[in-house]
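Trainee: pasting a predicted model and its sequence here:
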Amino acid sequence: ALAPRRIIVTGGAGFIGSNFVHWVVENQSEVHVTVLDALTYAGNRENLVGIPEDRLTFVHGDICDAALLEELVPEADAIVHFAAESHNDNSIADPAPFVRTNVEGTFQLLEAARRHGTRFHHISTDEVYGDLALDDPARFTEETPYRPSSPYSSTKASSDMLVRAWHRTYGVDATISNCSNNYGPRQHIEKFIPRQITNILTGARPKLYGDGLNVRDWIHTEDHSSAVWAILTQGVAGETYLIGADGERNNLEVLRSILQRMGRDADDFDWVRDRPGHDRRYAIDSSKLRRELGWRPRHTDFSEGLDETIQWYRDNEDWWRGQKEAVEAKYANQGQ
Ligand code: NAD
Ligand code: DAU
């Protein structure tokens, strides 16, 4: 397939979306990016600073706005859809925006792609597959049945189902990727790794949920970007690709590693209330993506990636400081 020249990136002012936009601008010199982002609490215009003006158009708007999509989509060769409400704990406290953005928003984008014959790549999560037991040698594959646990993951599963149906019934040229836990620069401080780093930087104690033995499969966000580009340009319509970099670690290990790398005692943290419905373990088998599209992750040294991420939060205190107090107040309210 020909590489698209004009792409719409929804959610391009968020964590993974902005990292993807930077990756595309740096690695694909022919491509023009239009970011469509509602700038919710998780979106930040600052995340796109430094991108040359002729490479980027920023549109402040909502993916549920069909009239706006009708203006933007005819100009584009492809839509790469990152926009979502993304945080499990928020979805437990208030699921309504998750249904709206993740389900209704994906529906509106698919309808626009259908009207205009636009290539569509949908960014999803490994959480649609539910969880695995700690002692189960299995990993998720493209054939694993859907079994989402949280309001967040059930809305992402719903959006995946819409994409599959719009491909099969209407022939929308769509692909889906389900990726494991991302880390790296510009991740919102509500998420595990940046929350703990910024707790340490502000003199607060890190907070670990439950028994701390839940396993996440960590991937550097730059490797997610290169995988999405491979699928966008070489993926087969109607197919799903799992993205992961063999990064399984439990939360206790990750937290101790952060503490040690920041010069603290490995036990200098608080055990807090568990997340209701907390998924035990995620693990991705990405052999289809590697075999069929030749993709490989580059950030295979987690300690090095963690050091760079810690350094990014040290260097960019202005980026997160203003939100820290409110984020922690919200958690404290939930006993977390
Ligand atoms: P994020 O919360 O950091 O960013 C989401 C972005 O979407 C923000 O810029 C926000 O302003 C924007 N947005 C929200 N609602 C919108 C709406 N109605 N219209 C337009 N823009 C809207 O999220 P993230 O962690 O970067 O995740 C991005 C995508 O990747 C999501 O689809 C998520 O499900 C998926 N994903 C995330 C991970 C992870 O580890 N964070 C892993 C796999 C998949
Ligand atoms: O697997 C992909 C998913 O990864 C994405 O779809 C989501 O958008 C993304 O937020 C992430 O979901 P998680 O729930 O796994 O990520 P979170 O950073 O919220 O938590 C990671 C683990 O750390 C989880 O087991 C809960 C735990 N945790 C989290 C926080 C915020 C703690 O122990 N303490 C904390 O303070």
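Mentor: Noted; the coordinates are in hand. Ligands and ions are numbered 1, 2, ... in the order given.
Trainee: any idea how far the residue of the chain positioned farthest from its centre is from Gln196?
Mentor: What lies farthest from the middle of the chain is Asp265; by CA atoms, centre = their mean that is 30.4 Å. According to CB to CB, to the nearest Å, Asp265 and Gln196 sit 14 Å apart. Placement of C-beta: from N, CA and C, glycine included.
Trainee: okay but the residue farthest from the centre of the chain is in contact with Leu259, surely?
Mentor: Yes - taking contacts as CB atoms under 8 Å, Asp265 lies within contact range of Leu259: 6.7 Å.
Trainee: tell me which parts of this structure are close to ligand 2?
Mentor: 86-88, 125-127, 180-181, 191-192, 195, 207-209, 214, 216, 251, 275, 282 (CB under 6 Å from any ligand atom).
Trainee: just the buried ones from those residues?
Mentor: Buried subset of the residues of the chain next to ligand 2 (neighbour count, 16 or more other CB atoms under 10 Å): 86-88, 125-127, 180-181, 191-192, 195, 207-209, 214, 216, 251, 275, 282.
Trainee: what ranges does the stretch 151-300 of the chain have for its strands?
Mentor: 174-179, 182-183, 207-209, 215-217, 219-220, 240-243, 248-250, 270-272 (DSSP state E, counting those that start in this stretch).
Trainee: from these, which stretch is densest packed?
Mentor: strand 219-220 (a mean of 26; mean count of other CB atoms under 10 Å).
Trainee: closest residue of the stretch 201-336 of the chain to ligand 1?
Mentor: His224 (7.3 Å; CB to the nearest ligand atom).
Trainee: any idea of the pLDDT on that residue?
Mentor: We note a pLDDT of 99 for His224 in this prediction.
Trainee: do the same with Ala1
Mentor: pLDDT, read off for Ala1, is 60.
Trainee: next one: His278
Mentor: Confidence score, pLDDT, at His278: 98.
Trainee: same check on the one 4 residues further on?
Mentor: Tyr282 carries a pLDDT score of 98 in this model.
Trainee: phi, psi for it please.
Mentor: phi -120, psi 140 (degrees, to the nearest 10).
Trainee: please enumerate the helices of the stretch 201-336 of the chain.
Mentor: Here the stretch 201-336 of the chain has its helices, by DSSP state H, counting those that start in this stretch, at 221-234, 251-261, 287-293, 302-315, 317-333.
Trainee: also the stretch 1-150 of the chain?
Mentor: Using DSSP H, counting those that start in this stretch, helices in the stretch 1-150 of the chain cover 15-27, 66-72, 88-93, 96-98, 106-116.
Trainee: right, so of these, which gets closest to Lys288?
Mentor: helix 15-27 (20.6 Å; CB to CB).
Trainee: for that closest one, packing partners?
Mentor: Applying 3 or more CB pairs under 8 Å, 6 or more residues apart in numbering; DSSP states H and E, we find helix 15-27 packed against strand 6-10, strand 32-37, helix 221-234.
Trainee: I'd like these written out as a markdown table, with mean neighbour count added.
Mentor: Formatted as a markdown table, the helices and strands packed on helix 15-27 follow (neighbours: other CB atoms under 10 Å):
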| stretch | mean neighbour count |
| --- | --- |
| strand 6-10 | 25 |
| strand 32-37 | 24 |
| helix 221-234 | 22 |
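Trainee: for Phe20, which non-adjacent residue is closest in space?
Mentor: Distances taken as CB to CB, 6 or more residues apart in numbering put Ser225 closest to Phe20, at 4.5 Å, once the chain neighbours are dropped.
Trainee: residue contacts, Gly277?
Mentor: 92, 149-150 (CB atoms under 8 Å, 6 or more residues apart in numbering).
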